[in-house]
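K.L.:
Give me a model of this one.
(one chain, ligands or ions: 2)
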Amino acid sequence: MTRGVKIPKCKKDSITEKIIKYSKPKFVYIPLICQNDINITVLVKSGDYVCKGDVIARKRGNFRIPIHASVSGKVTSIIEKPYLNGSLVKCVVIENDFKEKISSKIVPRKHINDYTKEEFIDKIRDAGIVGLGGGGFPTFAKYDTDSKIKTLIVNAIECEPYIAADYMLLQEKCEEILEAIDAIIEINDIPEAIIAINRGNTKTREIINTFIGTYLKIKLVEVPNLYPMGWERTLIKEIKGITYNHIPAEQGIIVNNVSTIYAVYEALKYDKPLIERVITITGEMIKEPQNILVRTGTPVKEIIESIGGYKRFKDIYLIAGGPMMGAAMDSDELVSSPNLTGIVVNRNNVKQEAIECLRCGKCVNVCPAKLSPVLIMNGLESPEKLKHLRPEKCVECGLCSYICPSKIKVRDFVIEAKNVNRKER
Ligand code: SF4
Ligand code: SF4
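P.N.:
Numbers count the residues shown, from 1 in each chain. Ligands and ions are numbered 1, 2, ... in the order given. Next comes the predicted model:
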C-alpha cells in the first residue's frame, strides 16, 4: 500500500485564468546559490555591462553549472538578500536598462530532436537548468549517467497545497512540453515516457489527451491524490512498483518535473538559459492570486505589488514555497530564484501554538522516509544517538508537522538534526 496522506489541496484560488508576466524589475538580485551550495565563483564586477543570458557566476566543485543574468544592464554591487530557506544569500545586483539585450552566445536552433546525447547534456548544463519542482538538482546530471535509462517519468503531481504553477504551465504549454518529452526520449534512447498526474485532475488529463495522440511512446498515468506523491521515491514505487538505494537511474528511471521539461524545451529550441520561471502568488491575504512568469532575482515584494498587493499587511504569515515544504519568512524581502515555486500569504493563526509531545506516534506512521521524527527530535541533544536515526533520509515533506496534534514543527527539528549529522561527519 502507498504511504501517503490525503491533505486539503487549497488550489481553487490559485488556478487562474492565465499566466501573466512581470518583466519590469528595476533591479534584479541574482542569488549566488545552487542547491543550498554557496560555493560559487562570481565572474562579473561592479560597473560591468551584462546582456540577458550572459553567464555571471558559476558553481564550483561538482556540477559546475552557470548562473545567468536575467535582464540586461549594469552590475551595481553584490549584496545579501533573504533566500527561500530563510537565510541571507549573496546576490549579484543588476540595474535593468529595459533594453532586453540578448547575450551574443545565444544561438537558437529549430529542430529540438536534432541533438546528440552529448550535445543535449552540454546544452542543458550550459543553460543552468535545475529541478524546478523545488529540489534544484542540476538536470544534466540525471542524464549524464552510464545506466541504461528505460523510463522518463514526467512529474506533474504538484502535491504542495496552494501551488498551481505546473498546472497552469501544462494548460498553456502542453504541446511544447510533449514536444520536449519526445525529443528527450529520442535523443537519450529512452523507450518510454510516463506523464504522472493526480487522479481526478480532469482538465490536465483532457489537455494532455488532446495532444498526446501522435506521441506513441508517451503515456499518461493517474496516481492517487495523496501527499507526498510528488516525491520521486513514492512516485516510482506507485508507477513501477520498485525502489532504489540512492538515485532512480539505478533502476533505469529519470524523473523530471513538468516545469523543468519546459525549461529544457526552451534551451533546446531557443538556446534560452534558465532566467525566468512561473510562480504562484496566492493565499487568503493576497488580493488577486496569480500565476506569474518572473525573472530570476525579482524582489517578491515588487511582484506582489504588481498584482494588487495584500488584502492587509498586519498579522500575515508568508511562506516561500508552500505550507508543507516551504519556509516561513519574516518579511517579503526575499527574491525569486529557480527553485521558488510560489508564495503563500495567509492569516497568522496565533492559536496554533505548540504544546508538549503526546507520544502518539502519528509522525512515525506518516513519514514516507520511514523515519521516527519524534525520536530524532528528542535525540537532538545526543549526536551519537542521532547517527542511528538517519535524519539525512528526511525529504522535508512536512507531513510530520502537518499530522502532529500538538502542533509541533517536527520537520524543523528533523532538518536541524540533519545539519547536526552533516557537521559530525
Ligand atoms: S521526518 Fe522528514 S520525511 Fe519524515 S515526515 Fe517529517 S519531513 Fe517528511
Ligand atoms: S505526532 Fe507530534 S505529538 Fe505525536 S509523537 Fe509525533 S511529535 Fe509527538
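K.L.:
show me the contacts for residue 108.
P.N.:
Residue 108 makes contacts with 269-271, as judged by Cβ atoms under 8 Å, 6 or more residues apart in numbering. C-beta: built from backbone N, CA, C; applies to glycine.
K.L.:
How many residues are close by residue 287?
P.N.:
Neighbours of residue 287 under the rule other Cβ atoms under 10 Å: 12.
K.L.:
ok, for it, nearest residue in space, not its chain neighbours?
P.N.:
Spatial nearest neighbour of residue 287, chain neighbours left out: residue 308 (4.1 Å); criterion: Cβ to Cβ, 6 or more residues apart in numbering.
K.L.:
can you check residue 40 too?
P.N.:
In space, residue 40 is closest to residue 32, 4.4 Å off (Cβ to Cβ, 6+ apart).
K.L.:
about what we covered before: tell me the one of the contacts of residue 108 nearest residue 22?
P.N.:
Using Cβ to Cβ, residue 270 is the member of those that sits closest to residue 22, with 20.1 Å.
K.L.:
The residue nearest to residue 287 reaches residue 289, doesn't it?
P.N.:
No. Between residue 308 and residue 289 there is no contact under Cβ atoms under 8 Å: 9.6 Å.
K.L.:
the more surrounded of those two?
P.N.:
Higher neighbour count among residue 308 and residue 289: residue 289, with 25 against 13, using other Cβ under 10 Å.
K.L.:
how far away is that one from ligand 2?
P.N.:
31 Å (Cβ to the nearest ligand atom, to the nearest Å).
K.L.:
Just list the residues touching that residue, thanks.
P.N.:
13-14, 16, 280-283.
K.L.:
from the contacts of residue 108, which ones fall inside helices?
P.N.:
269-270 (DSSP state H).
K.L.:
Return a selection command, for use in ChimeraX, containing the buried ones of the contacts of residue 108.
P.N.:
Listed next is the ChimeraX selection for buried residues among the contacts of residue 108, using 16 or more other Cβ atoms under 10 Å:
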select :269,271
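K.L.:
for the contacts of residue 108, which one is nearest residue 353?
P.N.:
Once Cβ to Cβ is applied, the member of those that ends up nearest residue 353 is residue 270, at 50.4 Å.
K.L.:
Give me the pLDDT value at the residue in the stretch 151-300 of the chain that ligand 1 sits nearest to.
P.N.:
Nearest residue of the stretch 151-300 of the chain to ligand 1, counting by Cβ to the nearest ligand atom: residue 228, 7.3 Å away. pLDDT recorded at residue 228 is 93.
K.L.:
what's the answer for the one 3 residues further on, then?
P.N.:
You'll see residue 231 listed with a pLDDT of 92.
K.L.:
Residue 193 now?
P.N.:
If you check residue 193, the pLDDT there is 98.
K.L.:
That one bridge partners, please.
P.N.:
Counting by DSSP bridges, residue 193 forms beta bridges with residue 152, residue 218.
K.L.:
again with the one 4 residues further on
P.N.:
Each beta-bridge partner of residue 197 is listed here, defined by DSSP bridges: residue 222.
K.L.:
That one and ligand 2: what is the separation?
P.N.:
The gap separating residue 197 from ligand 2 is 31 Å, by Cβ to the nearest ligand atom.
K.L.:
Is it correct that residue 353 is in contact with residue 406?
P.N.:
No. Applying Cβ under 8 Å, one finds residue 353 not in contact with residue 406, separated by 9.8 Å.
K.L.:
Pick out whichever of the two has more residues nearby.
P.N.:
Higher neighbour count among residue 353 and residue 406: residue 406, with 15 against 8, using other Cβ under 10 Å.
K.L.:
Quick one: residues contacting the spatially closest residue to the more buried one that is not a sequence neighbour.
P.N.:
Nearest non-adjacent residue to residue 406, counting by Cβ to Cβ, 6+ apart: residue 355, 4.8 Å away. Counting by Cβ under 8 Å, 6+ apart, residue 355 touches 406-408.
K.L.:
what about residue 235, helix or strand, and which?
P.N.:
Element membership for residue 235 (DSSP states H and E) is helix 232-240.
K.L.:
so what secondary structure elements neighbour that helix?
P.N.:
strand 151-155, strand 192-198, strand 218-223, strand 253-257 (3 or more Cβ pairs under 8 Å, 6 or more residues apart in numbering; DSSP states H and E).
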